[in-house]
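Visitor: Structure for this input, please:
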Amino acid sequence: MTVHLQRAVKGAVAAEVRWLETIGRRVVWIDVDETVRRGALSAEASGVIAHAADTAREKGLPLVMTIGSSGADIVEGVAALHGWGQAAKAIAKCSGYIPVITIVTGPAVSGPALLIGLSDIVIMTVDAYAFVSGPTMVAEFTGIKITNEELGGADIHAKQSGVAHIVVADRQTALAEAEHVLSFLPNNVDEIAGTASTYDSVDRLTPEAGELIPNSSTGSYDVKKVIEAIADDGYLLELRARWATNIVTGLITIGGQSVGVVANQPMNLAGTLDILASQKAARFVSFCDAFNIPILTLVDTPGFYPGKDLEWRGMIRHGAQLVFAYGRATVPRVCVILRKSYGGAYIVMDSKKMGNDICMAWPTAELAVMGAGQAAAILQRRATTQEREVFEQDYVERLLNPYVAAERGYVDSVIDPADTRREIAAALAMLSDKREKLQARKHDNTPL
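Guide: Predicted coordinates for the structure are as follows:
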């Protein structure tokens, strides 16, 4: 249930301050109604969006926007475009200061589609669609006929583009989901998220988490089950669940406190990091850091996915996005190495020297430049099969264990998997008053 406190309407756009009773929070809420002239944004309507965004930022309240729009009002011409630019600038100024959540309930075409891209969280209904250039333009320029759904449907944005964080059945479910997401977030950058109620003890043991690790070093398992074992009441709110599935990002609570989780997923591409996984994780780490949400990183990756195609498409640039996101994050950061942690991916996945606060490892952890087989292929190229086997066995015993890293201070402690939840909770409690002095500068220069 919501209570409307203030309201302004211009054409297809209505803006109001709402009290959300389900979570006991005030938000600034914008509705772009597709039933009014197909949601066309006039200059005045865009002005309402801009004013609402400015109000949200000034009052330190989350901004929620539901949108169904055919784009800028063609009848108004350049004035409508000017208005859209005003709205885009106002929403961009909210970035990193207040959470911005967009719910797409119908079309979001051209300019409105780019407003979605400025949002922190995007929720789409199954019948919604969004694109910058529509099927008519695609057919005219490329000769390819394509439908709205094929070009920019919710399924496409969930699996292919990564625009949609969550896809739901209908508008009512989307509204409820937006309130649920907000329950994990603070109102603004100057606050921390409220504590959720739970009867799940932080001292609960998690032996089931360790039992998931296969005996074979190449065996796969579902890392989401590890996350659920650690989380309060076994609940994970996964974001972008169908995009870049070799990495998992989502929100949980531990002891009622909101925690952002980044985890390699061995079930997909063996948990390797590629361009999409780097983008997905980097954006999420940046989001958590912006809104004072501690970050838990669960590591099991053999490294970056190799390939000419990836390198040509900019693996260096996109891999650097993840490095950059962790490197500048100032929130409490806890890392648990579950199994593989090799090479550059070891550094990237919130290693100790990247500024991680507490790094723990399971006894199954393997920390090294590369695996035994890869090392043998390089260092024992001319050796016999038997000599290679001896080398690999010695390599595993000497290097592929967490105790070598612990001796050198790169791992703070080697823990029993059954103690994982308890140890993470203790680390987060210790880090609850962590503060870092930020550098005085205009802004950083993120590798885009």
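Visitor: could you list every residue that touches the residue nearest the centre of the chain?
Guide: Residue closest to the average C-alpha location in the chain (Cα atoms, centre = their mean): residue 284, at 2.9 Å. Listed by Cβ atoms under 8 Å, 6 or more residues apart in numbering, the contact set of residue 284 reads 239-240, 249, 260, 262. Quick note: C-beta positions are derived from backbone N, CA and C, even for glycine.
Visitor: mind redoing it with 10 Å?
Guide: Residues near residue 284 by Cβ atoms under 10 Å, 6 or more residues apart in numbering: 165, 239-240, 247-251, 260-262, 293, 295, 322, 325.
Visitor: hang on, isn't residue 181 packed against residue 123?
Guide: Yes: the pair residue 181 / residue 123 is scored as a contact, 7.7 Å apart, by Cβ atoms under 10 Å.
Visitor: Neighbour count for the two, which is higher?
Guide: Neighbours of residue 181 and residue 123, each counted by other Cβ atoms under 10 Å, are more numerous for residue 123; the result is 27 against 22.
Visitor: ok so, going back, just the buried ones from the contacts of residue 284, in PyMOL syntax?
Guide: Filtering those down to the buried ones (16 or more other Cβ atoms under 10 Å) takes a single PyMOL command:
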select buried, resi 165+239+240+247+248+249+250+251+260+261+262+293+295+322+325
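Visitor: Where do the strands of the stretch 251-400 of the chain begin and end?
Guide: Using DSSP state E, counting those that start in this stretch, the strands found in the stretch 251-400 of the chain span residues 257-264, 295-301, 333-342, 358-361, 366-368.
Visitor: As CSV, those strands with mean pLDDT would be great.
Guide: What follows is the strands of the stretch 251-400 of the chain, written out as CSV (pLDDT from 0 to 100):
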stretch, mean pLDDT
strand 257-264, 98
strand 295-301, 97
strand 333-342, 92
strand 358-361, 95
strand 366-368, 79
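Visitor: among those, which is nearest residue 440?
Guide: strand 333-342 (22.8 Å; Cβ to Cβ).
Visitor: Paired strands for that closest one, with orientation please.
Guide: In the sheet, strand 333-342 lines up against strand 295-301 (parallel), strand 358-361 (parallel), strand 366-368 (parallel) (DSSP bridges).
Visitor: just those strands: most buried one?
Guide: Highest mean neighbour count of those: strand 295-301, a mean of 26 (counted as mean count of other Cβ atoms under 10 Å).
Visitor: Next, the angle strand 257-264 makes with it.
Guide: 20 degrees (axes from the mean of the first three to the mean of the last three Cα atoms, to 10 degrees).
Visitor: chain center to strand 295-301, what's the gap?
Guide: In this view, strand 295-301 has its centroid 13 Å away from the chain centroid, taken as Cα atoms, centre = their mean, to the nearest Å.
Visitor: again with stretch 35-47
Guide: Its chain's C-alpha centre and that of stretch 35-47 lie 31 Å apart, by Cα atoms, centre = their mean.
Visitor: What residues sit buried inside it?
Guide: For stretch 35-47, by 16+ other Cβ under 10 Å, it's 36-43, 45-47.
Visitor: now do stretch 419-436
Guide: 419-428.
Visitor: before we move on, back to that, can you pull the residues that touch both of residue 181 and residue 123?
Guide: Shared contacts of residue 181 and residue 123, counting by Cβ under 10 Å, 6+ apart, come down to 64, 101, 165-166.
Visitor: need these in JSON lines with secondary structure and distance to residue 198, can you?
Guide: As requested, those are arranged in JSON lines below (DSSP: H, G, I helix; E, B strand; the rest coil; distance: Cβ to Cβ, whole Å):
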{"residue": "64", "secondary structure": "strand", "distance to residue 198": "25"}
{"residue": "101", "secondary structure": "strand", "distance to residue 198": "24"}
{"residue": "165", "secondary structure": "coil", "distance to residue 198": "24"}
{"residue": "166", "secondary structure": "strand", "distance to residue 198": "22"}
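Visitor: Identify, from the residues you listed, the entry nearest to residue 318.
Guide: Comparing the shared contacts of residue 181 and residue 123 against residue 318 with Cβ to Cβ picks out residue 165 as the nearest, at 19.1 Å.
Visitor: Can you give me the pLDDT of that closest one?
Guide: Residue 165 carries a pLDDT value of 98.
Visitor: and the gap between the closest residue in space to it that isn't next to it in sequence and residue 184?
Guide: Spatial nearest neighbour of residue 165, chain neighbours left out: residue 239 (4.5 Å); criterion: Cβ to Cβ, 6 or more residues apart in numbering. Note on residue 239: its distance to residue 184, by Cβ to Cβ, to the nearest Å, is 10 Å.
Visitor: Name the residues contacting each of these two.
Guide: With Cβ under 10 Å, 6+ apart as the test, residue 239 and residue 184 both reach 250-251, 260.
Visitor: Just send those back as TSV, with distance to residue 32 too.
Guide: Output for the shared contacts of residue 239 and residue 184, formatted as TSV (distance: Cβ to Cβ, whole Å):
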residue	distance to residue 32
250	28
251	27
260	29
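Visitor: Against residue 87, how distant is residue 133?
Guide: Note on residue 133: its distance to residue 87, by Cβ to Cβ, is 20 Å.
Visitor: more crowded one of those two?
Guide: Neighbours were counted for residue 133 and for residue 87 using other Cβ under 10 Å; residue 87 has more, 27 against 14.
Visitor: For the more buried one, give me its contacts.
Guide: 13, 30, 41, 43, 45-53, 65, 111-112, 115, 118.
Visitor: how does it look with 8 Å?
Guide: By Cβ under 8 Å, 6+ apart, the contact set of residue 87 is 41, 46-47, 49-50, 53, 115.
Visitor: In this structure residue 91 contacts residue 53, no?
Guide: Yes: between residue 91 and residue 53 a contact is recorded at 4.9 Å, counting by Cβ atoms under 8 Å.
Visitor: Need the residues touching each of the two.
Guide: Counting by Cβ under 8 Å, 6+ apart, the residues touching both residue 91 and residue 53 are residue 63.
Visitor: and those two? which has more neighbours close in?
Guide: residue 53 (28 against 25).
Visitor: what about the more buried one, helix or strand, and which?
Guide: For residue 53, the element it lies in under DSSP states H and E is helix 43-59.
Visitor: Kindly export that helix (C-alpha atoms) in CSV.
Guide: The C-alpha trace of helix 43-59 is given here as CSV (Å, rounded to 0.1, in the frame of the first residue of the first chain):
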residue,chain,number,x,y,z
ALA,A,43,9.2,19.4,-23.0
GLU,A,44,6.9,20.1,-20.0
ALA,A,45,6.6,16.4,-19.2
SER,A,46,10.3,15.9,-19.3
GLY,A,47,10.6,19.0,-17.0
VAL,A,48,8.4,17.2,-14.5
ILE,A,49,10.9,14.2,-14.6
ALA,A,50,13.8,16.6,-14.1
HIS,A,51,12.2,18.4,-11.2
ALA,A,52,11.3,15.1,-9.5
ALA,A,53,14.9,13.8,-9.9
ASP,A,54,16.2,17.1,-8.5
THR,A,55,13.8,16.9,-5.6
ALA,A,56,14.8,13.3,-4.8
ARG,A,57,18.5,14.3,-4.8
GLU,A,58,17.9,17.4,-2.7
LYS,A,59,15.8,15.5,-0.1
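Visitor: Since that was my last question, I'll sign off now.
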